[in-house]
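Peer 1: Okay, sequence plus prediction incoming.
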Amino acid sequence: MALPAPAQELCFSTETFIDADFNVDEFLSQCRKRVTIECLREDLDSYFRTLKSAMVELINKDYADFVNLSSNLVGMDKAIDNLTSPLGQLREEIMSIKLAMETAITAAGSKLARRAEIREEKATLQRLAAILESVEKLERLLKIGRTPTDEEASEIDQLAEREEFAAVVMERIATEFNKLQYNVSLTSDHPLVEETKPRIATITSTLQSHLEDSFRTSLEHGDREGLSRSLQTYTTISRQQAAEGMFQNLIVHPYMEKVISTKAVLTHPQGLPGLYSEVLRFVPKHCPLLLEITQAWGGREHGVQGFDFIVNAVWPEVVRTIDEKAAILFAPGNPDTFHKNYTASMEFVSSFEALCPSQSSVKRLRSHPSFTSFMSKWSLPIYFQIRFQEIAGALEGSLSDPFANAQSSKEGPDREVPPFKLELFQVLWSSLQQCWKEGTFLPALVHRFWKLTLQLIIRTAACLKDFPTPTAVQPGGVSKSSPSATAEDPTLTVAQCMCVIHDSEELSQQIPKLYREVIKPKFPNGAAKSWDILEDGLKEAKDSVLQLIPDYATCVIKKVSQECVTNLEPAHTIPRLYRRTNKEVPRQPSSYVNNVLKPLESLRGNLPQQYKQEWIHRIVQTITDRYFEITSEVLTSVKRTEDSLMKLKKNRKSLVPVSSSGMSDDNKIRLQLALDIQEYTAKVSALQLDRNAMPSLANLIEMGQTARTVALSVPL
């Protein structure tokens with residue numbers, strides 16, 4: 001229903017009044033948040049007038065209909081009374097018909113239920129009759145409990161004259177027994193069946209005995225026809241497991257008892273592989289006829305179905321015999337022996353699977369409980385733990401002295417020199433190879449050995465990363481220990497740092513090669529989707545080794561810089577050589593300059609080519625910075641002394657003594673420093689560095705030129 005539109009804008013929505021959940025209190029509460037009570041009252045009064053006007057207009061519009069409403073209803077009650085009586089009679093007739101139909105439906109349902117009961121009883125009687133008939137027929141065919149009549153004996157004699165007598169009898173027996181079993185399963189609770197069960201049990205045992213005798217005889221004599229009939233009968237009565245169990249007990253068990261034993265495992269001329277070869281020879285020796293019959297032969301598309309003698313008879317007996325007579329195979333105490341036994345056993349399993357006649361047979365073998373039991377007896381976690389202790393233990397031993405030099409080969413001059421200079425990296429590389437060596441690695445543990453490989457690399461990198469760095473050079477040549485070092489920590493030598501850098505580079509190059517050539521081929525084909533993950537993990541481990549290089553490079557630079565800076569200390573003694581000594585004017589650089597860069601020059605040939613220029617630049621930069629500081633200190637001291645002497649001369653009006661050359665001692669000192677700087681600059685230039693990238697060298701040269709200019713300002 002649409003409400004009339006208000007004459008003016010209101011503080012509320014008119015649609016609110018026709019909402020199903022309209023609430024006065026909530027309406028007032030919402031409106032008071034927006035306007036005052038007076039404003040709300042005025043809007044409500046205005047809208048009330050609008051509604052009242054709309055109602056009056058509506059009444060006036062339909063007034064005639066309102067007035068005629070009562071006159072139009074005159075006589076309506078009589079018409080309703082006239083319809084009431086026929087409708088009541090119709091209702092009574094409908095109810096009577098409904099009751100009659102319900103009665104008929106109930107009667108029909110009772111009769112149908114009774115008919116179903118009779119039908120079920122009839123079927124039960126027929127099944128009971130069939131059971132009795134089958135029992136009597138089977139007893140007659142199996143000659144149980146009584147002597148056959150003349151008529152039956154005549155029938156049997158006629159069948160005996162035929163060549164296919166045994167086949168006909170066994171087929172009839174199997175068919176009847178199958179039918180008997182089916183009927184008994186449907187009427188198992190009937191008293192007659194309970195009474196007949198002893199006879200059925202006798203028939204079952206007798207039939208089983210006949211089948212066993214027939215199967216055994218055919219098996220011993222290699223009678224293909226007899227075996228086929230026996231197996232077909234077993235299939236007909238759904239007793240395939242009985243035939244497989246009988247074959248296991250009669251043929252497989254004696255053979256395996258003879259072949260498998262602890263003594264055979266330990267003393268076999270060909271070792272465990274030779275023993276397994278004898279086990280595998282059982283199948284082609286004793287199973288060809290059974291496999292031929294159960295697969296396909298004689299032009300038949302399919303053999304006798306439901307049998308798998310290799311999986312259900314041969315394999316369980318092999319596992320049982322190994323478990324009872326050769327459990328020593330599973331002992332993990334000696335990892336080398338365990339590895340040989342496990343490898344030979346897995347090859348045996350693969351060869352055994354190859355003997356299975358079909359892929360479905362292989363799947364049944366792998367899902368067989370005895371197969372699962374055999375695989376679970378190999379204590380692979382214990383084996384890996386022993387290998388882990390061997391491999392990781394050797395590495396941990398070398399970590400106690402991480403900077404020990406690698407031992408050279410003693411096996412002969414033709415042996416290749418080890419690529420690593422530190423014993424730690426040599427042991428690490430040996431451990432990585434040990435993880436994937438033929439005598440150690442097992443495919444079932446590939447994930448564990450991969451994890452161990454990464455752990456070995458990262459453990460080595462972490463140990464070297466945490467090792468304290470050598471002392472750093474401070475201004476004035478004073479050394480200051482690294483914050484991570486303690487008083488007891490040893491100080492690394494430059495040679496040790498260089499060995500770590502060399503071996504880190506070498507290892508980072510060898511790791512990808514090891515992965516491509518050795519590790520990756522050992523992963524199963526199904527791991528192809530995980531190559532990216534494996535390579536990312538390997539890259540992370542390799543990067544942890546490469547991250548050692550910057551730290552140890554800094555150590556090398558600091559150590560070499562410290563040695564070079566120490567050789568600069570004689571520059572402090574130059575003033576003492578010329579002051580009040582009447583020494584000649586210097587014309588040659590000081591001897592210490594030749595020694596400043598000697599530590600760097602001796603190391604230069606051993607620096608890695610890719611880092612050579614960078615490291616030399618950083619070392620020279622450090623030396624130059626310190627040289628500039630020392631020279632600046634000396635010149636400042638000379639200037640201060642010179643000023644003091646000039647002041648004293650002025651006060652005393654006396655002359656300062658000069659040398660025979662006419663040059664003052666201070667200028668000799670300046671000239672000597674200039675010559676030393678010139679010689680140092682020449683040696684730096686010989687290193688072929690970018691002088692533009694070393695502003696401190698330019699400052700040092702400028703200082704030397706200034707000192708020379710000042711020294712030569714007085715004519716000689």
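Peer 2: Now that the structure is in, tell me what you want to look at. Source: prediction; values computed, not measured.
Peer 1: alpha carbons only for contacts and neighbour counts from here, please
Peer 2: Will do.
Peer 1: how many neighbours does the residue lying closest to residue 401 once chain neighbours are set aside have?
Peer 2: Leaving aside its chain neighbours, residue 401 sits nearest to residue 424 (7.9 Å; criterion: CA to CA, 6 or more residues apart in numbering). Neighbours of residue 424 under the rule other CA atoms under 10 Å: 26.
Peer 1: quick one: which helix or strand includes residue 424?
Peer 2: helix 423-435 (DSSP states H and E).
Peer 1: In terms of secondary structure, what does that helix contact?
Peer 2: Helix 423-435 is packed against helix 380-399, helix 446-466, helix 494-514, with contacts defined by 3 or more CA pairs under 8 Å, 6 or more residues apart in numbering; DSSP states H and E.
Peer 1: Give me the angle between that helix and helix 380-399.
Peer 2: Interaxial angle, helix 423-435 versus helix 380-399 (axes from the mean of the first three to the mean of the last three CA atoms, to 10 degrees): 160 degrees.
Peer 1: Could I get the average pLDDT for helix 423-435?
Peer 2: The pLDDT scores in helix 423-435 average 91.
Peer 1: where does the stretch 51-200 of the chain dip in pLDDT?
Peer 2: Applying pLDDT under 70 to the stretch 51-200 of the chain flags residues 66, 70, 138-143, 145-172.
Peer 1: can you rerun that using 90?
Peer 2: 51-91, 114-200 (pLDDT under 90).
Peer 1: what ranges do the helices span in it?
Peer 2: Here the stretch 51-200 of the chain has its helices, by DSSP state H, counting those that start in this stretch, at 63-72, 76-141, 150-160, 165-186, 191-221.
Peer 1: same check, this time on the stretch 201-350 of the chain
Peer 2: Counting by DSSP H, counting those that start in this stretch, one finds helices in the stretch 201-350 of the chain at the ranges 224-236, 240-247, 253-259, 262-267, 271-280, 282-286, 288-295, 309, 315-325, 335-355.
Peer 1: Could you identify which of the ones you listed is most buried?
Peer 2: Counting by mean count of other CA atoms under 10 Å, helix 309 has the highest mean neighbour count of the helices of the stretch 201-350 of the chain, with a mean of 23.
Peer 1: now that helix: how far from the chain's centre is it?
Peer 2: Distance of helix 309 from its chain centroid, counting by CA atoms, centre = their mean, to the nearest Å, is 38 Å.
Peer 1: Can you lay out the helices of the stretch 201-350 of the chain as JSON lines showing distance to residue 119 and mean pLDDT?
Peer 2: Putting the helices of the stretch 201-350 of the chain into JSON lines (distance: least, CA to CA, whole Å; pLDDT from 0 to 100) gives the following:
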{"stretch": "helix 224-236", "distance to residue 119": "30", "mean pLDDT": "78"}
{"stretch": "helix 240-247", "distance to residue 119": "36", "mean pLDDT": "83"}
{"stretch": "helix 253-259", "distance to residue 119": "53", "mean pLDDT": "90"}
{"stretch": "helix 262-267", "distance to residue 119": "67", "mean pLDDT": "86"}
{"stretch": "helix 271-280", "distance to residue 119": "59", "mean pLDDT": "90"}
{"stretch": "helix 282-286", "distance to residue 119": "54", "mean pLDDT": "87"}
{"stretch": "helix 288-295", "distance to residue 119": "43", "mean pLDDT": "80"}
{"stretch": "helix 309", "distance to residue 119": "45", "mean pLDDT": "86"}
{"stretch": "helix 315-325", "distance to residue 119": "49", "mean pLDDT": "91"}
{"stretch": "helix 335-355", "distance to residue 119": "54", "mean pLDDT": "92"}
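Peer 1: Between those, which one is closest to residue 205.
Peer 2: helix 240-247 (12.3 Å; CA to CA).
Peer 1: so of the helices of the stretch 51-200 of the chain, which one's packed in deepest?
Peer 2: With a mean of 17, the top stretch among the helices of the stretch 51-200 of the chain by mean neighbour count (mean count of other CA under 10 Å) is helix 165-186.
Peer 1: Including distance to residue 390, could the helices of the stretch 201-350 of the chain go into CSV?
Peer 2: As requested, the helices of the stretch 201-350 of the chain are exported to CSV (distance: least, CA to CA, whole Å):
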stretch, distance to residue 390
helix 224-236, 55
helix 240-247, 46
helix 253-259, 36
helix 262-267, 26
helix 271-280, 25
helix 282-286, 40
helix 288-295, 48
helix 309, 44
helix 315-325, 29
helix 335-355, 10
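Peer 1: between the helices and strands packed on helix 423-435, which one is nearest to residue 584?
Peer 2: Minimum separation from residue 584 across those (CA to CA) falls at helix 494-514, 40.7 Å.
Peer 1: mean confidence score for the closest one?
Peer 2: Mean per-residue pLDDT for helix 494-514: 88.
Peer 1: and the helices of the stretch 51-200 of the chain as CSV, adding distance to residue 367?
Peer 2: As requested, these are exported to CSV (distance: least, CA to CA, whole Å):
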stretch, distance to residue 367
helix 63-72, 90
helix 76-141, 38
helix 150-160, 46
helix 165-186, 30
helix 191-221, 28
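Peer 1: For stretch 507-519, which outside residues touch it?
Peer 2: The contact list for stretch 507-519, computed with CA atoms under 8 Å, 6 or more residues apart in numbering, reads 425, 429, 436, 542, 543, 545, 546.
Peer 1: mind checking how far residue 540 is from residue 508?
Peer 2: 11 Å (CA to CA, to the nearest Å).
Peer 1: what's near enough to touch the residue positioned nearest the centre of the chain?
Peer 2: In the chain, the residue lying closest to the centroid (CA atoms, centre = their mean) is residue 447, at 7.7 Å. Contacts of residue 447 were listed using CA under 8 Å, 6+ apart, and none were found.
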